[in-house]
Structures are given as structure tokens and as C-alpha cells.
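Participant: After the sequence you'll find the predicted model.
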Amino acid sequence: MRASSMRYLVKNGFKNLWNNRMMTVASVGTLIACLLIVGIAVLFSLNVDNMVEYVGEQNELVIFMEAGTTENQLSETRSQLSKISGLGDITYVSSEEAMQSIVDKYLDGDAGLLEGMDNDFMPASFRCRITDPEIVSEITDTLQALPYVQEVEAPTEITETLVRLRKMINVFGGAIIVALVIVSLVIITNTIRASVFTRRREINIMKYVGATNSFIRIPFIVEGMVLGLLSACIAFGLVWAGYNVFLDIIRMESTSLMAGVVNQVMPFSELATQVLGCFLLSGISVGCIGSVFSMRGYLKV
Amino acid sequence: MIDLIDVSFQYENGTEALHNVNLRVNQGEFAFVVGSSGAGKTSILKLLLREAVATSGQVIVNGFNLNKLKNRQIPKFRRSIGVVFQDFRLIPDMTVYDNVAFAMRVTDQSNKSIRQRVPEVLEMMNLAHKAKQHPYELSGGEQQRVSLARALINHPPLIIADEPTGNIDPEFSYEIVEMLQQINKQAGTTILMVTHEHEMVKYFGGRTINIEEGRVVFDDYIIGGANESE
């Protein structure tokens, strides 16, 4: 296709938008509303993801070794631990260190009370960070089966609740997004159908003089894409502003107890590319698909 | 060139519109197609423009076998035909110039050839001075000339005119037919003109194909009586 033809067709697409400006404004408005809801859902679920990760990482998994485990056996266990995925830093705490920490923590440094106890009164242990909270119970099972391991203590309940929460939010968010994509498709299809309808005479003539279907479609695809693009950009701006206002509010309101969690709310700059990408992609593709839908029936002459 | 060989055509609801039609129009001919309404004229046009496909028999137009034509070849085929409609089918918010240029624009032709060809055709149709006007500012006869200019713009070897004088005052009707005849003589364009105005056919004469009840009942040359009716 010639560049001059392409220019002509693109110009026609913009002309369609202007000629149907009431429809254009109405559909851009509705699309923005849809994208805002999608944006909120995406931001919310990204943040919950992040928090689950954070809270999960705060938890430690403790592996208590059997009394009398030798140095060799310990290093063997250590190397086995390092091969298990889902575990982060591993710290070894010997019996003596464990004892000492009890003395420091609970007995105000007075070791006398524990005098006469066996050296391995407190078992040696490995403390591991959890990097993948979702498989914590499986990890626990694996660890339990290792030789010389006496007991594994894992915060399964907290992490499982969090993981379940995250799954629920993701499913909900997904459902909202799917519903809104359908709504947006219907809106765009309708708008373009109106514009196809006002141009049906031209389309009819184009068919008779031998214009190809792609030639006839291009202006309407341009129209749909511009609708999507425009809505995506405006919605992105609104989400950006809204998110920052929201952050300011919770920062001011939050007590020091919650500060740890609040600090985990991601700054918009970290999310911007994802949100923008999601908006542009959905806006433009919904625009394209909508216009192809709305042309059906009019191309048959 | 048009060649219909043993063509029958049935609508989806079962109505038989054409029955074993054989018809051949050679390159450079001028033919009238007459017949009462519902006789099958519209069906023939639909087949010739590949809006519909014959139920049986072969339809060959400008060397395209329309029974076998694939959908994506239709545009190429249609570019070899100029069509003129009874209702002009001009785009109201475009000027005369743009209406004519439209047929070139949407078939992917260069700006340069558009700028060159459109004034040429407008001049030929005596419309040069109306180029900047809109269709609603023109008389029926002038509008039909615009539509004729649009049909001619891509140099088609065949022009199909469907009741081109149907919406025009009688005094201008003859002018349109004269223009078609002129195009036929000068450029050797084949012209098939569907009409129900028997008076006009008698006036001009020439090859006349009469279709009644889906059959060709008359296909011969009649002698025009240009002088008699005046």
C-alpha cells in the first residue's frame, strides 16, 4: 500500500472520531472508568503479592538437629539444605549459642540457673529464611525426612493464610479484569458500529469500485485504536495521581506498628511500566478487536 | 466482455430468478437490457457484479470466471467494471471532485495520478466548473454525470448502468444515454444499460435484450427512431 493511501486512511480514522465526537467522548469516558477499575485491581494485587513475599520472608524455618550430631553430619545436612529451593540464608546455631541466647533473653544473663544441665540441653539448629512461602509445607516435609533432623518448626499457618489470601485476590482481580475487557469490547464495538453505520454509503461504494476489505477496515481500526490509546493514557494519569494521594494518606494515618507494612506499599514508579503496559495493550487490542467485530456484515456486498 | 452460459439462479428462499440464460456481449458493444420489474434484471446485475454466484451455469465477465472467483479476488475484478446506479450513490459531504477522486483513492492510486486523471474525466463529463460543489447543489442529470465520471475514472473496459435515467427528468435522461454512447464509441467501452423505459430504447435503438420471467425472450438489434419521436 502507498504511503499516501495510508495517510488518507489514517486521516479518515481521525475524521470518524471527530464526526462522531459525542460517541467518542462517551466511549472514552466509559473506557477510562473500566481501565481505572482494572488499574486498581492490578495495583492492589501487585501490592498484596509484594506483602505476602515480605511477610513470608520475615518468617524463619527452624530445623532442630538430634542431640549428639557430629560435625561431619552437620556439614552434610548443611549441604543438603543448600540444595533445597525455596530456602534463603541458612544460619547455624550451635547448642552453646542456643543456650546463651536463652540466658540472654530470659534469664537476664544469669547462667547459674542452668548450671548442671547437659551441654546439648538446647539442640543445635539451622535457621533458614523462606523465599517461597507457597511451598513451605512441602519444604517442611522434605526437611523432616532428612537424617539427623529431630524437628522442623515452620510458620505454616501464617504463610498459608497469606498465600490463600493472595490467590483469592488474584482470582478476583482476574475475574474483574475479564468482565471489564468484555464491557470495553462491547462499548468500542458499539461506537465503531455507529461510525460504520454513518459511513455505510461510502463502504458500499468502496466495495463496488473494488476497494479491498483491509482498505475499508483501516480507518475504523485506526478509530478503535485511538479510542483505546486515548483512554489508556488518561486512565494512566488518573491512576498515577490517585495512587500517590492514597499513599500520602496512609502514610500520614498509619501508626508506628503498621509502619513496617506501610513501607512495603510499592511506590508508583516501580509499578508504572506494568500499569502503563497493561493499559496500552488492553486499550489498543480492545480497540482493534472491537472495530473488526463491528465491521462484520458491512463488508458483504 | 460478458458471457453467460446456461445460467440459472435461485435465491436462498427458493425463488427461481433466472432460468437457463445464455447471453453474450462482446467487447465494444452497447446493449440495453429491458424487462418488467421482477423479470430478473436485478438478478443478472447481481451475478455480473459478483454480489451473488449463479446456482448453475457459468458467468464470465472481463475474463474473470465468477463461479470460481475467490473472495479476495473480488476487488481486483470490480476494478475492471464501472458501475452507475439509479440513485447515483454519491457521498453527500464530499465535493464533486472528491467523489470522483474517491474511486481512485480507495483503490490505492498515487496522488499524482489522481490529480491528473480527475480533472480530465470531469472535463469529459462537462463538470469541470462544478468540481467544488456538493452533490445536493446539482441537478439529477448532473449528479448522474458525476457518478458516470466516477465509473469511468479507472478506465474500465465495461460499464454497467442500472436504470441510470430512473431518477432524472426526461429531458436530461437522453443526455445521459448519449454520453454513454459517446463513451462507447470513443473508448470502445462495453456498455450494458438496464432500463425499463421502452420509449428511450425505441428512440436510440441498438442491441436490446428483453428478459421476462427469468428468461431471455428477445435479443436482437432494433432500429432507433430518433426522428420519429421528436
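Facilitator: It's in. Numbering: from 1, shown residues only, chains lettered A, B, ... in the order given.
Participant: For chain A, which residue occupies the most central location?
Facilitator: Centroid-nearest residue in chain A: A:L46, 3.5 Å away (criterion: Cα atoms, centre = their mean).
Participant: just checking, it touches A:P267?
Facilitator: No: assessed by Cβ atoms under 8 Å, A:L46 is found out of contact with A:P267, at 11.8 Å. C-beta coordinates here come from the backbone N, C-alpha and C atoms, glycine included.
Participant: one step back: just the pLDDT at the residue nearest to the centre of chain A, thanks.
Facilitator: Predicted confidence (pLDDT) for A:L46: 81.
Participant: need the residues of the stretch 101-250 of chain A near chain B, please.
Facilitator: Taking Cβ under 8 Å from any Cβ of the partner chain as the contact definition, the stretch 101-250 of chain A meets chain B at A:201-202, A:204-213, A:215-216.
Participant: Phi, psi for the closest residue to A:L113 other than its chain neighbours please.
Facilitator: Residue nearest to A:L113 in three dimensions, not counting chain neighbours: A:L107, with 5.6 Å by Cβ to Cβ, 6 or more residues apart in numbering or on different chains. Main-chain torsions, A:L107, degrees, to the nearest 10: phi -110, psi 20.
Participant: what's the answer for A:G88, then?
Facilitator: The phi/psi pair for A:G88 (degrees, to the nearest 10) is phi -100, psi -140.
Participant: Now do the contacts for it.
Facilitator: Shown in contact with A:G88 (Cβ atoms under 8 Å, 6 or more residues apart in numbering or on different chains): A:57, A:128-131.
Participant: hmm, try it at 7 Å
Facilitator: A:128-131 (Cβ atoms under 7 Å, 6 or more residues apart in numbering or on different chains).
Participant: What of B:S110?
Facilitator: For B:S110, the contact set (Cβ under 7 Å, 6+ apart) comprises A:2, A:4.
Participant: cool, A:N244 as well?
Facilitator: Here A:N244 is in contact with A:F268 (Cβ under 7 Å, 6+ apart).
Participant: Secondary structure class of it, three-state.
Facilitator: Following DSSP: H, G, I helix; E, B strand; the rest coil, A:N244 is assigned to helix.
Participant: and the gap between it and A:C278?
Facilitator: Distance of A:N244 to A:C278, given as Cβ to Cβ, to the nearest Å: 18 Å.
Participant: do B:L122 as well
Facilitator: Counting by Cβ to Cβ, the gap from B:L122 to A:C278 is 52 Å.
Participant: More neighbours: those two, which one.
Facilitator: B:L122 (22 against 18; other Cβ atoms under 10 Å in any protein chain shown).
Participant: in what helix or strand does the more buried one lie?
Facilitator: Element membership of B:L122, judged by DSSP states H and E, is helix B:111-124.
Participant: got the contact list for the residue of the stretch 51-200 of chain A found nearest chain B?
Facilitator: Chain B sits closest to A:R199 of the stretch 51-200 of chain A, with a gap of 8.9 Å, by Cβ to the nearest Cβ. With contact set as Cβ under 7 Å, 6+ apart, A:R199 has no partners.
Participant: so what pLDDT did A:A241 get?
Facilitator: pLDDT recorded at A:A241 is 92.
Participant: Could you pull up the residues touching it?
Facilitator: Counting by Cβ under 7 Å, 6+ apart, A:A241 has no contacts.
Participant: can you confirm it is in a helix?
Facilitator: Yes: with three-state DSSP as the criterion, A:A241 is part of a helix.
Participant: what's the helix holding B:L122 packed up against?
Facilitator: Applying 3 or more Cβ pairs under 7 Å, 6 or more residues apart in numbering or on different chains; DSSP states H and E, one finds that helix B:111-124 makes contact with helix B:96-105, helix B:140-152.
Participant: Is chain A within reach of the shortest one?
Facilitator: Yes: judged by Cβ under 7 Å from any Cβ of the partner chain, helix B:96-105 and chain A are in contact via B:103, B:105.
Participant: Give me the angle between that helix and helix B:140-152.
Facilitator: Angle of helix B:96-105 versus helix B:140-152, following axes from the mean of the first three to the mean of the last three Cα atoms, to 10 degrees, is 20 degrees.
Participant: Would you map the strands across the chain?
Facilitator: In the absence of a named chain, this looks at chain A. Remark: strands assigned in chain A by DSSP state E are A:60-65, A:87-93, A:125-130, A:149-153.
Participant: Switch to chain B, please.
Facilitator: B:2-10, B:16-25, B:30-34, B:56-61, B:64-65, B:81-84, B:158-162, B:190-194, B:206-212, B:215-222.
Participant: between those strands, which one is nearest to chain A?
Facilitator: Closest among those, using Cβ to the nearest Cβ: strand B:81-84, at 5.0 Å.
Participant: Is the closest one positioned near chain A?
Facilitator: Yes: applying Cβ under 7 Å from any Cβ, one finds strand B:81-84 in contact with chain A at B:V83.
Participant: and the lengthiest helix in chain B with helix B:140-152, angle?
Facilitator: Secondary structure of chain B read by DSSP state H shows that its longest helix is helix B:170-187. Angle between the axes of helix B:170-187 and helix B:140-152 is 20 degrees (criterion: the same axes, to 10 degrees).
Participant: Give me the helices and strands touching helix B:170-187, please.
Facilitator: Applying 3+ Cβ pairs under 7 Å, 6+ apart, one finds that helix B:170-187 contacts helix B:140-152, strand B:190-194, helix B:198-204.
Participant: Format these as a markdown table; extra columns: mean neighbour count and distance to chain A.
Facilitator: Listed next are the helices and strands packed on helix B:170-187 as a markdown table, based on neighbours: other Cβ atoms under 10 Å in any protein chain shown; distance: least, Cβ to the nearest Cβ, whole Å:
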| stretch | mean neighbour count | distance to chain A |
| --- | --- | --- |
| helix B:140-152 | 24 | 7 |
| strand B:190-194 | 24 | 15 |
| helix B:198-204 | 17 | 24 |
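Participant: Adding mean pLDDT, write these out as CSV.
Facilitator: Formatted as CSV, the helices and strands packed on helix B:170-187 follow (pLDDT from 0 to 100):
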stretch, mean pLDDT
helix B:140-152, 93
strand B:190-194, 95
helix B:198-204, 89
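Participant: Next, format the ones you listed as a markdown table and append distance to A:I289.
Facilitator: Formatted as a markdown table, the helices and strands packed on helix B:170-187 follow (distance: least, Cβ to Cβ, whole Å):
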| stretch | distance to A:I289 |
| --- | --- |
| helix B:140-152 | 34 |
| strand B:190-194 | 41 |
| helix B:198-204 | 51 |
